[in-house]
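Asks: Provided below are the primary sequence and the corresponding predicted coordinates.
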Amino acid sequence: MELVPIGLVHSSIRSRNDMPVQGVDAEVEVYPDYAGALSGIEENSHLLLVCWLHEADRGVLKAVARKVSHDLPEKGVFALRSPARPNPLSVSVVRLRSVREGRFLLLANVDLIDGTPVLDLKPYQAGWDCVFSATGHDRTEKIRKMGPGEYREGLIREAVNYHGELCPGVAVAVRMAEAAMRIVESDLRNPRVSVTLGTDPCIADAFIGITGARPGNRRLRCSGGDCYVVAGPEREVIFRLRTVPEDTGEILACSESSLFDCELRSPSPAER
């Protein structure tokens, strides 16, 4: 088995400890011998970036998601996204921003340090590579140990991945989701969490992307008004919009009370 690097990552991050969970903007330099293989790549908004984690420990079989918290339970590396693993391959979904000089790719959401060897690039195909109904482990404890900024970045990415852009409606949904997690005390992707949506299509898209709720799994309903409800196993929170500023930065920085009113309610046994 012989692997030959086809390029190199150029990143502002030089230490694994400094890498944000959501990654950073970075550039991939494709070596001149492989530049011809990039023909047509600019037609894709997203790519699969396959790299070799050259500083990873190959002797580790169990690890902790330490970027979130050292207090999380230990798991096998095949159940984690840890860089330490027997064959330290990294497979990332990245946004292609532009192509420079025919072989330099400006990418977003790159979680690779400067100098990481690139092994392959593939177009991301939504119909094949996106499994919206996929489920994973309950992240409630992990989310509790995240910093507020880190959790918000994750919500934004989930919402934008589904909706396509960070618009005012998406920003409002992110603020609602932050409040909902705090109130219902559960990972919003938990199968026991349901969502009732109002009429704003951008907020609806964002909530679907963040929660994974849909009519087919009976976790998604519509209120037909300006009311949005997130219901957990023990309590639910009803959001009523007050105002939606046009600037996303303002939405993410202002108080929750200026955006929406919250009403708490305990669901009836029949609703649980």
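Replies: Yes, it's here.
Asks: how does the chain divide into domains?
Replies: With domains defined by automatic domain parsing, the chain comprises 7-53+88-129, 140-265.
Asks: and the longest one, how far out from the chain's middle?
Replies: The chain centroid and the centroid of domain 140-265 are separated by 14 Å, computed with CA atoms, centre = their mean, to the nearest Å.
Asks: number the residues from 637 up from this point.
Replies: Got it, the first residue is 637 from now on, which makes the last one we talked about domain 776-901.
Asks: so which elements touch the longest strand along the chain?
Replies: The single longest strand within the chain, with elements called by DSSP state E, is strand 725-736. The elements that strand 725-736 packs onto, with contact taken as 3 or more CB pairs under 8 Å, 6 or more residues apart in numbering; DSSP states H and E, are strand 682-688, strand 740-746. The C-beta positions use only the backbone N, C-alpha and C, and glycine is treated the same way.
Asks: reformat these as TSV; add mean pLDDT.
Replies: Converted to TSV, the helices and strands packed on strand 725-736 look like this (pLDDT from 0 to 100):
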stretch	mean pLDDT
strand 682-688	97
strand 740-746	96
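Asks: pull out the buried residues from the longest strand of the chain.
Replies: When neighbours are counted by 16 or more other CB atoms under 10 Å, the buried residues of strand 725-736 are found to be Ser726, Ser728, Val730, Arg731, Leu732.
Asks: output it as PDB, nothing but the C-alphas.
Replies: Output in PDB follows, covering the C-alpha atoms of strand 725-736 (Å, rounded to 0.1, in the frame of the first residue of the first chain):
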ATOM      1  CA  LEU A 725      -6.600   9.500   7.900                       C
ATOM      2  CA  SER A 726      -8.700  12.700   8.100                       C
ATOM      3  CA  VAL A 727     -11.900  13.000   6.000                       C
ATOM      4  CA  SER A 728     -13.400  16.500   6.200                       C
ATOM      5  CA  VAL A 729     -16.300  18.200   4.400                       C
ATOM      6  CA  VAL A 730     -15.000  21.700   3.500                       C
ATOM      7  CA  ARG A 731     -16.500  24.600   1.600                       C
ATOM      8  CA  LEU A 732     -14.600  25.600  -1.600                       C
ATOM      9  CA  ARG A 733     -14.400  29.400  -1.600                       C
ATOM     10  CA  SER A 734     -12.200  29.900  -4.700                       C
ATOM     11  CA  VAL A 735      -9.400  28.500  -6.900                       C
ATOM     12  CA  ARG A 736      -6.200  30.600  -7.300                       C
END
